[in-house]
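*Asks:* Provided below are the primary sequence and the corresponding predicted coordinates.
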Amino acid sequence: MSEVTPNMILVVDDEADILRLVEALLQQLGYKTVTAKGADAALKTFQSMAKSPELVLTDVVMPGMSGPMLADRLLQLDPGVKVLFMSGYDDRHVVQKYVVEQGFALIPKPFTLQRLGAFVADVLEGRQPSV
């Protein structure tokens, strides 16, 4: 019987504490993770990976390159990569225009382990998570 390889998730946030927390939650859920502090680091990490991650979980608002700008760049490199946004930022206009209207899923911060697990599973399966 062959062993199922866990999905690889690239986690991107500009706050180190959030990166560590989200990484720990995803690992608890059985996923493999790679982290990047900020969009520029994420782009370099993505390009250096032998195989693209199945999912990129990125913050929306970051200094320099935003999450949506990062997603655009990554999707040019690999149109098959799935993207899930996370945000604690409460500017509904920004989130609506650059995330939801583009058809991406968004998980609001803070979130529970169970909610994160459900969102990640839905996005990996190609379903829109239920809010």
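*Replies:* Cool, got the structure. Note that the structure is a prediction, hence the values are computed from the model and not measured.
*Asks:* dig out what the residue nearest the centre of the chain forms beta bridges with.
*Replies:* Centroid-nearest residue in the chain: Leu57, 0.7 Å away (criterion: CA atoms, centre = their mean). Note on Leu57: beta-bridge partners by DSSP bridges are Val11, Leu84.
*Asks:* ok, it touching Met86?
*Replies:* Yes - with contact defined as CB atoms under 8 Å, Leu57 reaches Met86; the gap is 6.3 Å. Every residue, glycine included, has its C-beta placed from N, CA and C.
*Asks:* any common contacting residues for those two?
*Replies:* Both Leu57 and Met86 are contacted by Val22, under the criterion CB atoms under 8 Å, 6 or more residues apart in numbering.
*Asks:* which residues touch the closest residue to Lys82 other than its chain neighbours?
*Replies:* Using CB to CB, 6 or more residues apart in numbering and skipping the chain neighbours, the partner closest in space to Lys82 is Leu55 (4.8 Å). Counting by CB under 8 Å, 6+ apart, Leu55 touches Asn7, Met8, Ile9, Leu10, Val81, Lys82, Val83, Leu84, Val120, Val123, Leu124.
*Asks:* neighbouring contacts of stretch 70-89?
*Replies:* 12-13, 22, 39, 42-43, 46-47, 52-62, 65, 67-68, 95, 99, 104-111, 119-120, 123-124, 126.
*Asks:* buried sites along it?
*Replies:* Using 16 or more other CB atoms under 10 Å as the test for burial, stretch 70-89 gives Leu70, Ala71, Leu74, Val81, Lys82, Val83, Leu84, Phe85, Met86, Ser87.
*Asks:* quick check: the two most widely separated of these?
*Replies:* Pairwise distances across these (CB to CB) peak at 19.1 Å, for the pair Val81 and Ser87.
*Asks:* does Met65 belong to a helix, a strand or coil?
*Replies:* Reduced to three states with DSSP: H, G, I helix; E, B strand; the rest coil, the structure at Met65 is coil.
*Asks:* for the chain, what spans make up the strands?
*Replies:* For the chain, the strands defined by DSSP state E cover 8-13, 32-37, 55-59, 82-87, 105-108.
*Asks:* now do the third one against strand 8-13, angle only.
*Replies:* It stands for strand 55-59. Here strand 55-59 runs at an angle of 10 degrees relative to strand 8-13 (axes from the mean of the first three to the mean of the last three CA atoms, to 10 degrees).
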